[in-house]
Each structure stands twice: as C-alpha cells, then as structure tokens.
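In: sequence first, predicted model second:
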Amino acid sequence: MKSLLVVRLAFLKLLYLSPLGSGFNLDELTFVELNGEKDSQFGFSVVQYFDNATGRASLLVGAPRDQNPKTNVSFGGQVLRCHLDQRRCLPIPFDDQGNDVQWNGLEFAQIENKTLQWFGATLVTSKSGLVLACAPRYVHFSRSGYERHPVGSCFLSQSNLDVWNFSKYAPCVKTEASCLNGFSAVFSSDGNYLVTGAVGSYFGQGQVYVKDLRKTNDPEKTGEGPKKK
C-alpha cells in the first residue's frame, strides 16, 4: 500500500458547536487524493507553493525516506511537486547527486553520507517564491575521514521551480560537528532573511542561523549560552 496524503479542498464547512463557540471542518466531499511510494513517509511535510511567473499554485510534499533512483543513496528522501488539477506528483531535482568523493592523497574517498539523511523533512516557502528543503540528518566526514559529523544540509531555490536553479546551504559543515542544521526553518515575511534551527549545536544546547539572502556573506548565528555555576 502506498503512503497516502489526502488534501481537502474547496469551501470550509462551519460546525456550530455551542452558542458560545464554533468550529470548522474541511470539506469532506470535494478533495484530491495524492499518493507516494510505500514507506517513503510521503506527506511528512506539506507546503503550498505559488509560482509568481505562471500564476499557478501547487503543493510541495516531503518524503524523507523516499528513494531517488538517480543516486546510489539509500532512502535519502525527496521533495515532490503535486499539481492538483493533474492529480500527480513529480520529484523536484534539488539534489540528484550521490555521495561526494574527494582526493585524499591516496585515493578518491567518500566525504559525506546522504543515506537516511531525511531530505524533505523540513520544507518551507516564501511569498516571493523561494523554497528551502532540508536534510537535518545529513552527515559530513572530517578531513581525515575518521570522524562523522551530522551537520545537516539544505537546498535553496534561487528563482522558481521550473528553472531548476538550486544552491546548497550547509553553514555548519566547517564550523560545527553535530549541529543538525535544518531541523526547522522559516523565511522572514519579506523573504529577505532565512532562519534555520540547529538543535545539536553546543552538545544539544542548539543555536539559530540567520542568513541575509540579499548578501553573499556567511550567516549570523547565536552563540553558546553561559555555563552553569
């Protein structure tokens, strides 16, 4: 059985519960049923996306255990774009590359691990059409190759999803050993700033990264809290 996401559409139906209060429910008659692959956790994250260029709206759905057939990564996760009028979902090629390798002086050695990275677990959009998709369990290797650092990684769309212009955003790779960046994320209301949560920094104390998207400099971040007396 495939994973199931049911999207309730059309008008909201009000349910009057008492003279002092009221509630509402989603329309139970008009809906669109969208399906993902079995055990992919399709629907773990869902956001609405509006394409300013075409004027069309669609849903972006995270499937953090989905298998990308274009890579050698096992259950790395994907983000799918679902067109409601066509009732189908297609993967967005944020990252179609397998694990990267680097020459260490003796051989080309693997420097990262995307298996079970949970790509698509965090998914946010901005009013200007930007999309951020994150893999908070992404692991980067130390230069020696002996250490494994779960730093987290995200991909940011620079224009619109039809152009396929994405850039990697992983500020913890060179600064923190286990920050799990991308565990949470949000755009500012004007779309100029990107805020991501890194819950693993400072031995689980956590920190926040703030990136000014209008500039190319490194993001600002919160520091370590005071030591307990």
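Out: That came in fine, so what should we check first?
In: not counting its neighbours along the chain, what's nearest the residue nearest the centre of the chain?
Out: With distances taken as Cα atoms, centre = their mean, residue 133 lies nearest the centre of the chain, 2.5 Å away. Residue nearest to residue 133 in three dimensions, not counting chain neighbours: residue 79, with 4.7 Å by Cβ to Cβ, 6 or more residues apart in numbering. The way it works is simple: take the backbone N, C-alpha and C, and place the C-beta from them, glycine included.
In: what is the least confident helix or strand in this protein?
Out: For the chain, using mean pLDDT, DSSP states H and E, the weakest element among its helices and strands is strand 13-18, scoring a mean of 38.
In: where does the protein dip in pLDDT?
Out: Along the chain, the model assigns pLDDT under 70 to residues 1-25, 159-160, 227-229.
In: the helices in it, which residues?
Out: In the chain, the segments counted as helices under DSSP state H are 201-204.
In: and residue 207, bridged to which residues?
Out: residue 198 (DSSP bridges).
In: thinking it is in contact with residue 220, fair?
Out: No: counting by Cβ atoms under 8 Å, residue 207 sits too far from residue 220 to count as a contact (10.5 Å).
In: now do the same contact list for the residue nearest to residue 133.
Out: 60-63, 91-92, 94, 119-120, 123, 133 (Cβ atoms under 8 Å, 6 or more residues apart in numbering).
In: same thing but at 6 Å, please
Out: 60, 62, 92, 120, 133 (Cβ atoms under 6 Å, 6 or more residues apart in numbering).
In: for the residues you listed, which two are the farthest from each other?
Out: Spatial extent of the contacts of residue 79 (Cβ to Cβ) is set by the pair 62 and 92 at 10.4 Å.
In: which residues does residue 182 contact?
Out: 122, 134, 136, 152, 154, 196.
In: give me the buried subset of those.
Out: 122, 134, 136, 152, 154, 196 (16 or more other Cβ atoms under 10 Å).
In: state the distance from the residue nearest to the first one when sequence neighbours are not counted to residue 213.
Out: Take residue 122 and drop its neighbours on the chain: the residue closest to it by Cβ to Cβ, 6+ apart is residue 134, 3.9 Å away. Remark: distance between residue 134 and residue 213 (Cβ to Cβ, to the nearest Å) = 16 Å.
In: ok so, going back, distance to residue 163 for the contacts of residue 79 - can I get that in a markdown table?
Out: Compiled in a markdown table, these are given as follows (distance: Cβ to Cβ, whole Å):
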| residue | distance to residue 163 |
| --- | --- |
| 60 | 16 |
| 62 | 21 |
| 92 | 12 |
| 120 | 20 |
| 133 | 16 |
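In: returning to that earlier point: give the contact list for the residue nearest to residue 122.
Out: 122, 154, 182.
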